[in-house]
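Participant: Fold the following and give me the result.
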Amino acid sequence: MKLHTTNFGLIEIDEEKIINFPEGLLGFEDEKQFIIINSEDEDSLFQWLQSVNNQELAFVIINPFFVFPDYDIIIPETAQNKLKIKDKQDIGVYTIVVVPEDMEKMTTNLLGPIIINIKEKLGKQVILDDDRYTTKHYVFNQSVEGRGE
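Facilitator: The predicted model follows:
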């Protein structure tokens, strides 16, 4: 299937990789189908969650465990049921990244991760009941010392 996107132009996608979000994403409840697009740089932490139906809607996402190895979440049982999760191996966890002009101040939303049942191709944004996390965690270390500048 060919997909027109603002960020990548016309791309070819495998329809079997489309992830259905029955409830959409927060603020984008009408957008139900997305695909994950990998960065061209294989070493990049960043991927894109691209809407299938709205070429202008794409979110930069990361696997939060690469940046925050201690990230520890409990997926609510209601979300597990909606996503038909039966095995932990089927779970993909991503967080949405906000990329400001000053790239060093990039943040990610650890309070509202995107949980995907990879096997069933079902996704849901979950709001955690966990005061350790907020919607804005710096992706890069904010201390100037130790950066070799």
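
Participant: all helices for this protein, in order.
Facilitator: In the chain, the helices defined using DSSP state H lie at 64-67, 77-82.

Participant: which one of these is the most hemmed in?
Facilitator: Compared across the helices of the chain, helix 64-67 shows the largest average neighbour count, a mean of 16 (mean count of other C-beta atoms under 10 Å). Every C-beta, even on glycine, is put in place using the N, C-alpha and C of the backbone.

Participant: Which elements pack onto that helix?
Facilitator: Where contact means 3 or more C-beta pairs under 8 Å, 6 or more residues apart in numbering; DSSP states H and E, helix 64-67 is packed against strand 91-98.

Participant: Would you mind extracting the C-alpha trace of the strand it packs on into PDB?
Facilitator: This file holds the C-alpha atoms of strand 91-98, laid out as PDB (Å, rounded to 0.1, in the frame of the first residue of the first chain):
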ATOM      1  CA  ILE A  91       4.200  -5.900  24.300                       C
ATOM      2  CA  GLY A  92       5.900  -2.900  22.700                       C
ATOM      3  CA  VAL A  93       6.300   0.300  24.800                       C
ATOM      4  CA  TYR A  94       6.900   3.700  23.200                       C
ATOM      5  CA  THR A  95       6.700   7.300  24.400                       C
ATOM      6  CA  ILE A  96       6.000  10.400  22.400                       C
ATOM      7  CA  VAL A  97       8.900  12.900  22.100                       C
ATOM      8  CA  VAL A  98       8.600  16.600  21.900                       C
END
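
Participant: Where does pLDDT dip in this protein?
Facilitator: Within the chain, the set of residues satisfying pLDDT under 70 comprises 142-149.
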